[in-house]
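# Generate coordinates for the sequence data below:
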Amino acid sequence: MAKIHNATLIGTLWALTAVFVWSGSLVLLRLGVTTHLNAYDLTALRFGSAALVLMPVILKTGFAFRRLGVFGLVLVICGFGAPYIVLVSQALQTAPASAAGAFNPGIMAVSSAVLGAMLFQDRLGWLRGIGILCILAGLLGSAWHHPTGFTTGHIILILTGAMWAVYAAVVRRARVSALHATAIVAVGSALVYLPIYFTLLPKRIADAPLQDIMLQAGFQGVLVSVFAVFAFNRSAELLGPVIGATLPALIPLVTLGLGLAILEEPAGASEVTTTLIIGVGVALILMGRGHKPVPLPKTMAVK
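Reported below is the predicted structural model:
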């Protein structure tokens with residue numbers, strides 16, 4: 001019994017660690033684009049540092065060409081790589097971090113549920129249906145209570161949530177592990193994006209304080225891309241797939257709290273209510289998922 005309680009406690013701590021890191025990354029992106037760095041700088045720092053850490057994974061396992069194919073590889077890198085972070089960073093110039101913490105997980109969950117039903121014959125069911133309605137209601141409420149309503153940033157966050165869902169669907173279909181997929185995204189983004197960044201894109205990094213650069217590189221590149229992935233997978237091992245996978249539903253609320261503490265963003269009753277509704281919706285979708293085994297297509301089979 002004591003071992004079970006210890007495993008539950010440790011698993012919960014791992015899950016909460018992952019949630020705080022993911023939420024903190026959104027807050028720091030918002031801080032970065034509203035102070036000394038731009039979206040292109042933040043993307044370069046994230047994938048430049050992450051690629052250095054995860055390069056050994058790619059050297060050992062490769063880019064999974066046989067499983068993903070060229071098109072799948074492009075979708076994976078675009079869906080959660082440099083284009084995704086550039087867009088999220090651009091969105092955070094006009095939308096608060098709390099909006100990213102609500103919109104991204106919310107749209108991710110809804111889009112993943114719909115894609116799962118279309119591509120993998122996952123059952124939606126009444127639980128997931130209620131979750132989808134909660135998320136949509138919460139997102140509308142979040143935009144309604146924002147002083148300027150739907151900003152360009154809110155629209156971009158809807159797009160990035162859908163992009164992540166496509167990334168997740170491709171990774172699931174190809175049966176690529178979380179760490180391997182993260183390494184593919186990090187190294188692939190670095191190889192493609194960094195030459196473009198250094199030669200073509202506008203930069204503010206030369207004028208930024210060194211501590212800002214080190215903070216963003218370490219947090220976004222190492223904690224988010226490596227440590228949070230390990231923490232989440234470890235929590236799922238200790239808590240079980242349903243409970244461990246459901247705890248990320250706390251991201252909207254945690255991001256709201258961190259945005260209040262670090263950025264002094266408003267967190268009144270309306271913001272808290274809509275955030276809780278979205279979090280409940282995400283939890284219901286994650287709790288209600290039921291996957292059917294999907295045979296690996298011959299074109300994706302590992303030889």
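# Tell me how many other residues surround the nearest residue to residue 232 once chain neighbours are set aside.
In space, residue 232 comes closest to residue 18 once its chain neighbours are excluded; the distance is 4.1 Å by C-beta to C-beta, 6 or more residues apart in numbering. In short, each C-beta sits where N, CA and C put it, glycine included. Residue 18 has 27 neighbours, counted by other C-beta atoms under 10 Å.
# Pretty sure residue 18 sits against residue 224.
No: assessed by C-beta atoms under 8 Å, residue 18 is found out of contact with residue 224, at 9.6 Å.
# Nearest residue to residue 15 in space, ignoring adjacent ones along the chain?
Closest residue to residue 15 apart from its sequence neighbours, by C-beta to C-beta, 6+ apart: residue 235 at 3.6 Å.
# Need the pLDDT of that neighbour.
If you check residue 235, the pLDDT there is 78.
# again with residue 300
On pLDDT, residue 300 comes in at 35.
# and if you look at residue 61?
pLDDT, residue 61: 94.
# Pull the distance from stretch 105-119 to the chain's centre.
14 Å (C-alpha atoms, centre = their mean, to the nearest Å).
# in it, what's buried?
Buried residues in stretch 105-119, defined by neighbour count with 16 or more other C-beta atoms under 10 Å: 105-116.
# just those now: which is nearest residue 192?
Distance to residue 192 across these (C-beta to C-beta) is lowest for residue 108, with 23.3 Å.
# okay, now the residue nearest to residue 15: neighbour count?
25.
# next one: residue 210
Neighbours of residue 210 under the rule other C-beta under 10 Å: 7.
# From residue 193, how far off is it?
Separation of residue 210 from residue 193 (C-beta to C-beta, to the nearest Å): 22 Å.
# CA atoms only for the helix or strand hosting residue 115, dumped as CSV, please.
In the assignment (DSSP states H and E), residue 115 maps to helix 97-120. Extracted in CSV, the C-alpha atoms of helix 97-120 (Å, rounded to 0.1, in the frame of the first residue of the first chain):
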residue,chain,number,x,y,z
ALA,A,97,-0.4,34.2,-22.0
SER,A,98,-3.6,33.1,-20.4
ALA,A,99,-5.2,33.0,-23.8
ALA,A,100,-2.4,30.8,-25.1
GLY,A,101,-2.7,28.5,-22.1
ALA,A,102,-6.4,28.2,-22.8
PHE,A,103,-6.7,28.2,-26.6
ASN,A,104,-3.7,26.0,-27.4
PRO,A,105,-4.7,23.0,-25.1
GLY,A,106,-8.3,23.5,-25.9
ILE,A,107,-8.0,23.5,-29.7
MET,A,108,-5.4,20.7,-29.5
ALA,A,109,-7.9,18.5,-27.6
VAL,A,110,-10.8,19.2,-29.9
SER,A,111,-8.8,18.8,-33.1
SER,A,112,-7.1,15.7,-31.8
ALA,A,113,-10.5,14.2,-30.9
VAL,A,114,-11.9,15.0,-34.3
LEU,A,115,-8.8,13.7,-36.2
GLY,A,116,-8.8,10.6,-34.1
ALA,A,117,-12.4,9.8,-35.1
MET,A,118,-11.7,10.5,-38.7
LEU,A,119,-8.3,8.8,-39.1
PHE,A,120,-8.3,6.1,-36.4
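# in the stretch 101-250 of the chain, which ranges drop under the pLDDT threshold?
Across the stretch 101-250 of the chain, the ranges flagged by pLDDT under 70 are 143, 145-149, 240-245, 247.
# Nearest to residue 183, out of the buried residues of stretch 105-119: which one, please.
The closest of the buried residues of stretch 105-119, once distances to residue 183 are taken by C-beta to C-beta, is residue 108, at 20.6 Å.
# wouldn't that closest one be in contact with residue 163 here?
No: with contacts counted by C-beta under 8 Å, residue 108 stays clear of residue 163, the gap being 9.1 Å.
# and residue 202, what does it touch?
By C-beta atoms under 8 Å, 6 or more residues apart in numbering, residue 202 lies in contact with 38, 40.
# need the longest helix for the chain.
Using DSSP state H, we find that the single longest helix of the chain is helix 2-33.
# how far is it from where the chain is centred?
Put simply, helix 2-33 sits 13 Å off its chain's centre (C-alpha atoms, centre = their mean).
# picking up where we left off before, packing partners for the helix holding residue 115?
helix 2-33, helix 82-91, helix 125-145, helix 152-174, helix 251-258, helix 269-287 (3 or more C-beta pairs under 8 Å, 6 or more residues apart in numbering; DSSP states H and E).
# I figured residue 93 was touching residue 33, is that so?
Yes: Residue 93 lies in contact with residue 33 (C-beta under 8 Å); the separation is 5.1 Å.
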